[in-house]
Structures are given as C-alpha cells and as structure tokens.
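**Q** no sequence for this one, just the structure:
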C-alpha cells in the first residue's frame with residue numbers, strides 16, 4: 001500500500017516541487033496550506049512573496065491542480081498566535097531577539113500539522129526546506145545539511161524532536177535552488193518564477209518595533225538611557241524593543257565614529273553602547289537544549305557552532321553547567337552573540353543539537 005504523506009505547501013516554488021517529487025516517488029500525496037496568521041493585504045504579500053497568506057493559498061491550490069493531488073487549507077491561527085506571535089513580542093519585551101521561524105517550525109509546522117496529519121491517517125509530513133533527514137548508526141534521527149550550502153535551512157530546524165523527524169521527509173535538500181526552479185519550469189508549475197519570501201511573514205513591512213508597540217499596548221517599554229558599560233549616560237533611546245545586540249544603524253548618537261549596541265538591560269531600561277571590538281566574545285551560555293544527532297552533550301566535545309541563520313559557523317567546545325544549560329567556548333571570537341537567538345551545533349554535516357542563547 002502506498003504511504004500517505006501530507007506536504008505543507010506555502011505557495012512557493014520549494015514546497016511545490018517537494019510535492020511533485022514525492023508524487024513521482026510513488027507516495028500518496030495530499031497538499032495542505034496552513035493558514036497561520038490573520039488578515040493580510042493580498043497585494044502587499046504577493047509583492048513580498050509572503051509564505052502563508054491568502055495569495056499563498058491561491059498559488060498552492062493551482063500547483064496542486066497541476067500536479068493532480070488533493071488539496072486542503074488547515075487553520076492554525078490560534079496555535080500560531082500563541083506559539084509564535086505572542087512569543088515574539090514577549091521575548092522583545094525581555095530585551096531579547098527571538099527567531100520566530102524556529103518557534104513556528106517546532107510548534108506549528110511540526111507539532112500541530114504532524115498531529116493533525118497522523119489523525120487523518122498520514123505516515124509522514126513533508127516540507128520544502130533545504131535540509132535532509134537521516135537515521136544515524138546510533139539509531140537517532142538527525143538533520144543533514146542540504147546539497148546547497150548557501151540555501152541550507154537546518155539552523156531553523158534544530159529544535160525538532162526525534163518523534164517529529166521520524167515522520168518527516170525533506171526531498172528538496174538533495175537539490176540546488178537552480179535545480180528546483182528548473183524542475184518547476186519543466187513541469188510547468190505556476191510558481192516556477194515566484195520570488196522567495198525574505199521577511200517575517202506576519203510583519204510584511206519589516207517594522208518589528210511598530211508591530212510590538214501595537215501588540216504590547218500598555219506594556220511597551222518607554223524611552224530610556226543609552227549608557228556605556230561603566231554607566232556613563234550617552235543619550236536617550238526610543239525603547240528597548242527598537243534595538244538588538246550588534247546594531248549600529250539608527251542609534252542617532254553623535255559619537256564621531258561608529259558605535260554598537262553591546263547589551264540590552266530590560267531591568268533598568270538601558271541600552272549599553274560600546275566600540276566595534278566590544279561586540280565580539282568567545283563564550284556564551286544557552287538553555288532549552290534539544291539533542292538531535294547526539295543523545296547528550298559531554299564536557300570537552302568539539303563542534304561547529306552557528307549563532308544565527310547567516311553565520312558561517314566557528315569551531316567550539318562545550319561544557320555542561322547543569323542539566324539544561326550549556327557553555328560554549330569558540331576557538332575565535334564571534335560577533336554579536338544575541339540573547340534569544342539559537343546556538344546550533346554541527347558535526348560532520350549533521351545537526352548535533354542546540355539551544356537558546358541566554
């Protein structure tokens with residue numbers, strides 16, 4: 001009997017080709033678009049290539065018709081608001097810079113979609129992510145980096161569980177972006193030339209601070225002081241939600257040379273300013289750990305550590321401070337370690353695991 005697979009279709013070229021590839025491989029494929037955020041200006045989202053709005057549904061439905069697979073829209077707005085949007089705002093209010101895609105992948109795209117897919121008798125879910133799922137010789141499931149390094153999306157997926165990975169396929173990870181677009185053209189998929197989405201889907205205008213101000217209401221942090229690490233006052237900031245570690249632009253401080261945000265202190269409502277060299281560090285701690293290729297982290301083990309999606313990675317060693325807190329020491333200092341982002345640890349091209357930077 002054919003294995004049944006639910007493909008999360010965002011209306012983009014990657015997930016569209018993922019659905020086509022799996023049908024070609026003989027799976028019983030069902031296309032699903034997850035409606036996950038509220039009302040949108042269809043024209044704006046179309047222009048931005050947004051991944052989850054109304055225009056996405058139209059595109060995904062046309063692709064499903066072209067491929068010849070059943071297609072449904074599932075509503076996950078409540079789950080998305082709770083696990084992604086509310087989390088995003090809460091983290092900024094704490095002076096942190098979250099990665100909403102990591103939260104969405106773990107708690108909405110996998111937890112909620114997988115649960116519903118298994119309930120309707122599916123064996124797997126699949127997505128158009130540039131990553132590969134492998135079962136290792138130790139029996140554990142892990143993500144392997146994709147064929148194309150510059151499009152690799154394993155960083156944003158490090159938090160998936162063993163149960164989730166065991167029910168996941170990612171066929172796009174074996175191809176380059178150019179090859180995926182080539183397949184879409186060949187198969188005459190209507191999204192072959194659709195641009196990739198760049199911004200956070202629920203903030204299409206990219207104004208994070210404006211979004212947080214609207215969502216947080218009376219909780220919005222007031223203006224406060226820019227200070228140096230030794231307490232010297234430099235000026236007034238607009239509110240801590242407007243800043244992130246490593247930021248240089250938009251500070252409006254006449255210092256005569258470039259300066260950077262080195263720390264955000266929500267408890268005193270201060271934004272700490274320093275020089276370029278102050279933004280570098282060779283250690284960090286992280287918690288909320290998730291093990292993937294390994295079943296535990298051991299003191300002195302070496303990995304390649306990435307501290308943000310676009311970071312190339314740096315050699316590092318780890319040490320456990322307690323059961324859920326890890327200290328990571330880099331061979332060379334890394335720039336702008338940002339609380340709220342993830343540290344993802346790699347070994348031999350596989351995701352060993354990771355955690356949230358404290």
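**A** Structure's in. What do you need? What you see is a predicted model, and the numbers here were worked out from it, not measured in a lab.

**Q** Could you use CA atoms for every contact and neighbour count after this?
**A** Will do.

**Q** Please point out which parts of stretch 185-194 sit buried.
**A** Buried residues in stretch 185-194, counting neighbours by 16 or more other CA atoms under 10 Å, are found at 189, 190, 191, 192, 194.

**Q** again but with stretch 197-212, I slipped
**A** Buried residues in stretch 197-212 (16+ other CA under 10 Å): 197, 200, 201, 202, 204, 208, 209, 212.

**Q** which element is the fourth one on?
**A** Taking DSSP states H and E as the definition, one finds residue 202 inside no helix or strand.

**Q** now it: how far from residue 90?
**A** For residue 202, the distance to residue 90 (CA to CA, to the nearest Å) stands at 15 Å.

**Q** cool, the third one as well?
**A** Distance, residue 201 to residue 90, by CA to CA: 18 Å.

**Q** again, but for residue 258
**A** As for residue 258, its distance to residue 90 is 30 Å (criterion: CA to CA).

**Q** Output the buried residues of stretch 197-212 as JSON lines; include the columns pLDDT.
**A** Converted to JSON lines, the buried residues of stretch 197-212 look like this (pLDDT from 0 to 100):
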{"residue": "197", "pLDDT": "76"}
{"residue": "200", "pLDDT": "83"}
{"residue": "201", "pLDDT": "84"}
{"residue": "202", "pLDDT": "88"}
{"residue": "204", "pLDDT": "83"}
{"residue": "208", "pLDDT": "91"}
{"residue": "209", "pLDDT": "89"}
{"residue": "212", "pLDDT": "94"}
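
**Q** Please convert the buried residues of stretch 185-194 to JSON lines, extending it with secondary structure.
**A** JSON lines is the format used below for the buried residues of stretch 185-194 (DSSP: H, G, I helix; E, B strand; the rest coil):
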{"residue": "189", "secondary structure": "coil"}
{"residue": "190", "secondary structure": "coil"}
{"residue": "191", "secondary structure": "coil"}
{"residue": "192", "secondary structure": "coil"}
{"residue": "194", "secondary structure": "coil"}
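
**Q** For the residues you listed, give me TSV that also has distance to residue 281 and pLDDT.
**A** Below are the buried residues of stretch 185-194 laid out as TSV (distance: CA to CA, whole Å; pLDDT from 0 to 100):
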residue	distance to residue 281	pLDDT
189	47	95
190	47	94
191	43	94
192	43	92
194	40	90
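
**Q** Which one of the residues you listed is nearest to residue 97?
**A** Nearest to residue 97 among the buried residues of stretch 185-194, counting by CA to CA, is residue 194 at 29.4 Å.

**Q** Just confirm that closest one contacts residue 14, I think it does.
**A** No - checked against CA atoms under 8 Å, the pair residue 194 and residue 14 is beyond contact range at 10.1 Å.

**Q** For the most centrally placed residue in the chain, which residues are in contact?
**A** The centroid of the chain falls nearest to residue 101 when counting by CA atoms, centre = their mean (3.1 Å). Taking CA atoms under 8 Å, 6 or more residues apart in numbering, we find residue 101 in contact with 156, 200.
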